[in-house]
Structure formats: C-alpha cells, structure tokens
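Chemist: Next one to model:
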Amino acid sequence: MTTETPGGDWVEQLVELHVLAENGDADAARAAAEWVEDDPAARAVWASVDEDVAQLRHAAAAEK
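Modeler: Now for the predicted structure:
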C-alpha cells in the first residue's frame, strides 16, 4: 500500500490498519510497519493518529 493507492482512500486504509494493529492483529501491524517505513506521508499520518489516540485515552482516563 502507498499514498498512491488507486481507487482508495489511503488515509482511511492506514487508520484501519492502526486500529487493527492496536487490537493485536499482527498482520496489520506488519503491513503498517512496512508501509510507513517506505512512505513519509503515511509515517506522518500514523504519528498523528498515534497522538490522537493517546489524547483520547488520556481524556477517558481523566473522566474516570
């Protein structure tokens, strides 16, 4: 997969891989790692999603 994936929303695909990887899907984690290793745009989006997830987790923990 690349940011040049034809006919698809690559950001949506990357976020889906992130969700799957966060929930223990080793194949998704491997695919994402390979993708972000070779693609600076995907790497930037991955980092942004990581940051968003961390903020959401922090906010949820603070509400408890």
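Chemist: List the buried residues of the helix or strand hosting A42.
Modeler: For A42, the enclosing helix or strand under DSSP states H and E is helix 40-63. The neighbour-count check on helix 40-63 (16 or more other Cβ atoms under 10 Å) flags 42, 45-46, 49 as buried. All C-beta atoms are positioned from the backbone trio N, CA, C, and that covers glycine.
Chemist: between these, which is closest to A33?
Modeler: Relative to A33, the closest of the buried residues of helix 40-63 is W46; by Cβ to Cβ it sits at 9.4 Å.
Chemist: what sits against the closest one?
Modeler: Residues near W46 by Cβ atoms under 8 Å, 6 or more residues apart in numbering: 14, 18, 32, 36.
Chemist: try 10 Å this time
Modeler: The neighbours of W46, taking Cβ atoms under 10 Å, 6 or more residues apart in numbering as the test, are 14-15, 17-18, 21, 32-33, 35-36, 39.
Chemist: So A29: helix, strand or coil?
Modeler: Per DSSP: H, G, I helix; E, B strand; the rest coil, the secondary structure class of A29 is helix.
Chemist: what about the nearest residue to it once chain neighbours are set aside, which helix or strand?
Modeler: Nearest-residue entry for A29: A21, 3.8 Å, with adjacent residues in sequence omitted and distances by Cβ to Cβ, 6 or more residues apart in numbering. Secondary-structure assignment from DSSP H and E places A21 in helix 10-22.
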